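1. give the three-dimensional model of this entry:
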Amino acid sequence: MTLEPVHMHKISELAKKIDRSFEIEEVKTAADIYSLLEELKLDGKVILKAIGKLFRGVVRTELMAQGEDPYPVTYACDSGSTNPRTYDSGLFVDFCHCGLAGTPTDLDIQRFRTIVCAAFSSSQRATIQATSGWETFDEGFGRAKLITIAPDELKKKASDMVHSFAMYLAESEHILFMKDRIEPESFFIMDGPIYPKQLMYWMVLDDEEVRVRLNNDARKILQNYIDIMDYFLENRKPVVGFVKNPIDKQIMDSIRKKGGAFDLPWMLDSQFFKNLLSLEKVESASGRGGRNSNYNGKNYNGKNGKNNSSRNAYITYTNWFLQPKRFYEKLLNGTSPLAAADSLQQELRHSFPPEDYALCFFMLYVPSKDVVFKAEAPYGLVKDDFLRMQITKKVLFDLSLHGFPLTLTKADHLAKIRKVERQEIDKFFENMNPDTTYNDTRWGKMNEI
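-> I've put the predicted structure just below:
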């Protein structure tokens, strides 16, 4: 142990100096800000607007888990990645492996896999031969593809782009590959956002150092996500993107730019929503116990009418919001793949009006884990009152039962590429050595197996 009691004592003194600087008044600030979200505008343009009534809701997990599952058949898609690997030749490469899990478990569905390898070298002499189509394996249950990014398309962000290409192509192609094999009356969960956020940003931005909008695979990825949404919209089937670690700053940035009377203590939207949705903080701020635990017109009480303060007993959530014409915190024009640059936008096929692809979301706070989650879906589904209610109920049901969507956990285990497997993949590159740093040798043996 490197820190002895005398060191910890001094650290505690320093921590208390910071801790005492934050007042419980932040909860009131969060509530005041929330009232602005009925329709949040910046420079005359709508950044965010509530769908239906602005509210905060609370459900008792015990009662919700005892209820009926709105969608007993659930599927979840996830991609496992080697993470971008770099080699002493200057090569950047990432392998992504995508699988689909189901509840109840369906072994045939799980056997289907899609593998994409994305590679980039800044050398014009490197001739990496991309595959012309899909190579099948495992008796047709698996498909694999090698794609490349040309040297003149990237002068920075090589690791990010290699990862985005591999992950988004694997995920989107696997969903399209499997869509006709899943049960008609089912619920579909995508791991993370419903759209390829990072790639969309670089496809829109006119940057001479990241010219991926010229790349055919990048265009294919955008079209894939539109085709995925077309499938769910045409069939009126529910799909959500479950974001485990939301890092958006759009709401906080917009309110800060608007000015006004708010002294915002938060940078991230998730920090704001955690304060907004924490019953414990609301009750502590009011000093009146259960009298202030009224969410969405429902007084939350435990057994015998007494307030139940157990953090396992409830989940809180917001209404749904629409992001109509602005792209995340960068405030680009649009929140779907249709926000691509004009020349590319004209090439993208879509079956529904552009607004149906706009991003919608609602936020959830799970006190037992002390985390905030975000659930996303396209406006074309969320604008339907019944579907919106069913999607909300399903997400709350899964979280009440397991604290996290069980089917998504299955998909994560199915798709994950473990460290020992990543190390084995390194050995396949016989003519190159992996780039290593001091931290690799210092921490390598302590990382996950």
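2. strand partners of the longest strand seen in the chain, parallel vs antiparallel please.
-> Scanning the chain for the strand with the most residues, using DSSP state E, yields strand 92-103. Strand 92-103 sits in its sheet next to strand 74-81 (antiparallel), strand 85-86 (antiparallel), strand 113-120 (antiparallel), going by DSSP bridges.
3. closest one to P265 among the ones you listed?
-> Comparing the strands paired with strand 92-103 against P265 with Cβ to Cβ, the closest turns out to be strand 74-81 (34.2 Å). Quick note: C-beta positions are derived from backbone N, CA and C, even for glycine.
4. G80 and C96 touch, don't they?
-> Yes: using Cβ atoms under 8 Å, G80 makes contact with C96 at a distance of 7.0 Å.
5. compare the two and say which is more crowded by neighbours.
-> Set G80 next to C96 and count neighbours by other Cβ atoms under 10 Å: C96 wins out with 26 against 23.
6. for E376, helix, strand, or coil?
-> Under DSSP: H, G, I helix; E, B strand; the rest coil, E376 falls in the strand class.
7. what about it, how many residues nearby?
-> Using other Cβ under 10 Å, E376 has 23 other residues around it.
8. for T86, same thing?
-> T86 has 16 neighbours, counted by other Cβ under 10 Å.
9. what about it, distance to P434?
-> Taking Cβ to Cβ, to the nearest Å as the measure, T86 falls 7 Å from P434.
10. again with L348
-> 38 Å.
11. same thing with T316?
-> Here T316 is placed at a distance of 45 Å from P434 (Cβ to Cβ).
12. so these two - more neighbours on which side?
-> Legend: neighbour count by other Cβ under 10 Å for T316 and P434, higher for T316 (25 against 16).
13. which residues sit against the helix or strand hosting the more buried one?
-> Assigned by DSSP states H and E, T316 belongs to strand 314-318. Defining contact as Cβ atoms under 8 Å, 6 or more residues apart in numbering, one finds that strand 314-318 is touched by 55-61, 64, 273, 276-279, 295, 300, 308, 362-367, 392, 396, 399-400.
14. tell me which of the residues you listed fall in strands.
-> Of those, the ones assigned to strands by DSSP E are R56, G57, V58, V59, R60, Y295, F362, M363, L364, Y365, V366.
15. need these in JSON lines (columns: neighbour count and distance to L408).
-> Shown next, in JSON lines, are these (neighbours: other Cβ atoms under 10 Å; distance: Cβ to Cβ, whole Å):
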{"residue": "R56", "neighbour count": "20", "distance to L408": "24"}
{"residue": "G57", "neighbour count": "19", "distance to L408": "22"}
{"residue": "V58", "neighbour count": "19", "distance to L408": "23"}
{"residue": "V59", "neighbour count": "25", "distance to L408": "19"}
{"residue": "R60", "neighbour count": "17", "distance to L408": "23"}
{"residue": "Y295", "neighbour count": "20", "distance to L408": "26"}
{"residue": "F362", "neighbour count": "23", "distance to L408": "17"}
{"residue": "M363", "neighbour count": "24", "distance to L408": "17"}
{"residue": "L364", "neighbour count": "22", "distance to L408": "14"}
{"residue": "Y365", "neighbour count": "24", "distance to L408": "18"}
{"residue": "V366", "neighbour count": "21", "distance to L408": "14"}
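16. list the beta-bridge partners for K145.
-> Bridge pairing for K145 - DSSP bridges - gives V116.
17. got a list of what it touches?
-> By Cβ under 8 Å, 6+ apart, the contact list for K145 reads I115, V116, C117, T131, G133, W134, E135, L169, E173.
18. would you mind measuring from the residue nearest to the fourth one when sequence neighbours are not counted to Q129?
-> Using Cβ to Cβ, 6 or more residues apart in numbering and skipping the chain neighbours, the partner closest in space to T131 is L146 (4.7 Å). Going from L146 to Q129 by Cβ to Cβ gives 8 Å.
19. neighbour count winner among the two?
-> Just comparing L146 and Q129: by other Cβ under 10 Å the higher neighbour count belongs to L146, 18 against 7.
20. from memory that one sits against C117, does it?
-> Yes: counting by Cβ under 8 Å, L146 touches C117, with 4.8 Å between them.
21. what pairs with the nearest residue to S278 once chain neighbours are set aside across the strands?
-> What sits nearest to S278 in space, not counting adjacent residues and going by Cβ to Cβ, 6+ apart, is Y365, at 6.5 Å. Y365 forms beta bridges with T316, V372, as assigned by DSSP bridges.
22. residues in contact with Y365?
-> F273, K274, L277, S278, I315, T316, Y317, V371, V372, F373.
23. now do D412
-> D78, G80, D191.
24. what distance do you get for it to L322?
-> Going from D412 to L322 by Cβ to Cβ gives 29 Å.
25. report how many residues lie close to the closest residue in space to T114 that isn't next to it in sequence.
-> Using Cβ to Cβ, 6+ apart and skipping the chain neighbours, the partner closest in space to T114 is H174 (3.9 Å). Residue neighbour count, defined by other Cβ under 10 Å, stands at 25 for H174.
26. swap in S132?
-> S132 has 8 neighbours, counted by other Cβ under 10 Å.
27. same question for the one 4 residues further on.
-> Burial measure for T136: 11 neighbouring residues, criterion other Cβ under 10 Å.
28. that's a helix at it, yeah?
-> No: counting by three-state DSSP, T136 is not found in a helix; it is strand.
29. now it. Nearest residue, chain neighbours left out?
-> Closest to T136 by Cβ to Cβ, 6+ apart is R143, at 5.6 Å.
30. show the contacting residues for the one you found.
-> Per Cβ under 8 Å, 6+ apart, neighbours of R143: R113, T114, I115, W134, E135, T136, F137, E173, F177.
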